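> How does the following fold in three dimensions:
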Amino acid sequence: HHAGPIGLGLRQAGGEGGQVHGSGALRLLLGGGLLLRGRFLLCGGLGHGLSLGLLIEVRGAGTALGLLIGVGRPLADLRLLCLLLLNVFDVHHRGVLVSLRLGRVLFLLPRLLLTGGIFHALLGILFIGLLFSAAAGQGAQHPAMGVDLIEASPAAAEVFAIADEVRPGTSEQCRSSSKEELSQTENTQPCVFVHDLAVAVALRERGVVPAACAGFSLGEVAALTFAGAFDTRAGFELVCERAALMATAAERHPGGMRAVIKLDAAQVEGLAKQAGEDCWPVNYNSPQQTVVAGAPDALQALDVLVKEAGGRAMKVAVSGAFHSPYMAEATEGLARYIQAGHAPSPLLIPVMANMTAAPYPADPQAASDVLANQVSHAVRWVDTLHALQDQGIDTFIEVGPGKTLSGLVKRTLSDVRVYSCETAEQVAAIADELV
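Residues are numbered from 1 along each chain as shown. Sure thing, here's the model as predicted:
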């Protein structure tokens, strides 16, 4: 359901050792593609013949696999098409960026060209793309989030039912909305919260009870709700208010975010300062991944600086400069909302705070301040993970859509067990193993 870009390539005939045939004129090669439901890329090209390609994401393998098949013209046409498509396509799925750019792709290119026939050989080209994690939280949403839990778990079904009472249509939005609709902040936050909490209560229903909780950005509200700070209705209402406030702040202060990899946090902090006053490191995801938020012009300057330093800056698919000073108005609004009778209750399970990488304070006013300030301050995820391990935590279960946080745990800690859980089947499997 996503329209892909169209590539246009020109190549002079007569090159590549006779593999390109013609009368010396320039021949035209067209390539285009269509991204279907976020996981399949169907591409094709026409250049005195026909070529078709299919890219399939391999879940959990950290790779993308593809097959390109051509009929009618020799190998050079197909290779040119493949290079063209790889150079123009970036495929996003579940908050993870699969980069298929030239120079980062390994070709296994058998030269199986048959000569003398009208139809040349079918040529298979296998390519492997490098996969990088993007920022967790709002990038993890996807269609059909958690709907199988409604039938499998009464506790999860109750979470969805309460969400529908407060915000009619939430369950259906989780079930059938497009990725574009789910990517809008006012839709992302309620839907991801419901899925997070539904998985957590389904696991608890099966006897999986954590010693501590932590949530990344939006996930922190789900963690607090699960730990008893809010009941399901109050937690969901808080998330809806939070989403509206952050969306308004993003409209008033346009900005974006970049995930910087291959550089440590100190290097990224220095580059962000060089990029401009409106540029801040905001998510410390892993030792080699830090997310920066800021104004569009500052982020463009950051892109150049990161490349010069040997790193890579990837655009994060969000609608604002979240967890930065641009969200100060959202913090003020959330503080007013919390003070108006929505303060958190004492926790039944410790919850680690994004802003401090320490447990939420027991004092209600102090806890309220931490919660309100979270939206405009950095997420100290690396410090949070180390603090949990120092407390003796050796098993981590990521609840909700995607596997981004699981990957961050694996890249940050050693000697730990890590599980991703978002479906009823995974809930059952994890409960059978751990209980």
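> State the number of residues packed around A362.
Using other Cβ atoms under 10 Å, the number of residues around A362 comes to 9. In short, each C-beta sits where N, CA and C put it, glycine included.
> residues touching the residue lying closest to it once chain neighbours are set aside, list them.
Distances taken as Cβ to Cβ, 6 or more residues apart in numbering place P346 nearest to A362, at 6.6 Å, with adjacent residues excluded. By Cβ atoms under 8 Å, 6 or more residues apart in numbering, the contact set of P346 is G228, A229, A362, P364.
> Which single one of those residues is nearest to R336?
Nearest to R336 among the contacts of P346: P364, at 15.8 Å, using Cβ to Cβ.
> per-residue pLDDT, that closest one?
With respect to pLDDT, P364 scores 93.
> What backbone torsions are found at it?
phi -60, psi -40 (degrees, to the nearest 10).
> Settle this for me: it is touching L347, isn't it.
No. With contact defined as Cβ atoms under 8 Å, P364 does not reach L347; the gap is 10.6 Å.
> Which one's more surrounded, these two?
The residue with more neighbours, out of P364 and L347, is L347; 19 against 14, by other Cβ under 10 Å.
> got the contact list for the more buried one?
L224, A227, G228, A229, Y360, A362.
> Where helices are concerned, which of the residues you listed count?
L224 (DSSP state H).
> For ChimeraX, write the select line for the buried members of the contacts of L347.
Entered in ChimeraX, the line below selects the buried ones among those, by 16 or more other Cβ atoms under 10 Å:
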select :224,227,229,360
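> Which stretches in the stretch 251-400 of the chain count as helices?
Along the stretch 251-400 of the chain, the stretches classed as helices by DSSP state H, counting those that start in this stretch are 265-275, 296-308, 328-339, 364-373, 381-390.
> Ok, the stretch 101-250 of the chain next?
Going by DSSP H, counting those that start in this stretch, the stretch 101-250 of the chain shows helices at 147-152, 154-166, 170-176, 179-182, 185-205, 219-226, 232-252.
> neighbours around G341, how many?
Other residues close to G341 by other Cβ under 10 Å number 7.
> Same check on I349?
15.
> of the contacts of L347, closest to R242?
Among these, L224 lies closest to R242 (Cβ to Cβ), at 11.7 Å.
> Surely G310 is in contact with I261?
No. The pair G310 / I261 is not scored as a contact, 10.7 Å apart, by Cβ under 8 Å.
> Comparing the two, which shows the higher neighbour count?
I261 (21 against 9).
> That one and K410, how far apart?
Distance of I261 to K410, given as Cβ to Cβ, to the nearest Å: 15 Å.
> P190 now?
29 Å.
> Specify which member of the contacts of L347 is nearest to A378.
Taking the contacts of L347 together and measuring to A378 by Cβ to Cβ, the closest member is Y360, at 16.7 Å.
> Let me see the contact set for the closest one.
Taking Cβ under 8 Å, 6+ apart as the test, what Y360 contacts is L224, A229, P344, L347, P350, V351, M352, A353, A367, V370.
> what two of the residues you listed are the furthest from one another?
P344 and M352 (14.4 Å).
> P190 and K410: who's more crowded?
P190 (23 against 14).
> mind checking pLDDT for that one?
93.
> nearest to A244, of the contacts of Y360?
L224 (18.6 Å).
> Around the residue nearest to that closest one when sequence neighbours are not counted, how many other residues sit close by?
Excluding the flanking residues, the one nearest L224 by Cβ to Cβ, 6+ apart is V351, at 5.6 Å. Residues contacting V351 under the criterion other Cβ under 10 Å number 23.
> dump the residue contacts of V351.
V351 makes contact with A212, C213, A214, G215, E220, A223, L224, A227, A229, P359, Y360 under the criterion Cβ under 8 Å, 6+ apart.
> switch to 10 Å and redo it
When contacts are counted by Cβ atoms under 10 Å, 6 or more residues apart in numbering, V351 touches 212-215, 220, 223-229, 344, 359-360, 367, 370.
> what about the residue nearest to L271 when sequence neighbours are not counted, how many neighbours?
Leaving out its chain neighbours, the residue that sits closest to L271 by Cβ to Cβ, 6+ apart is L305, at 4.6 Å. L305 has 20 neighbours, counted by other Cβ under 10 Å.
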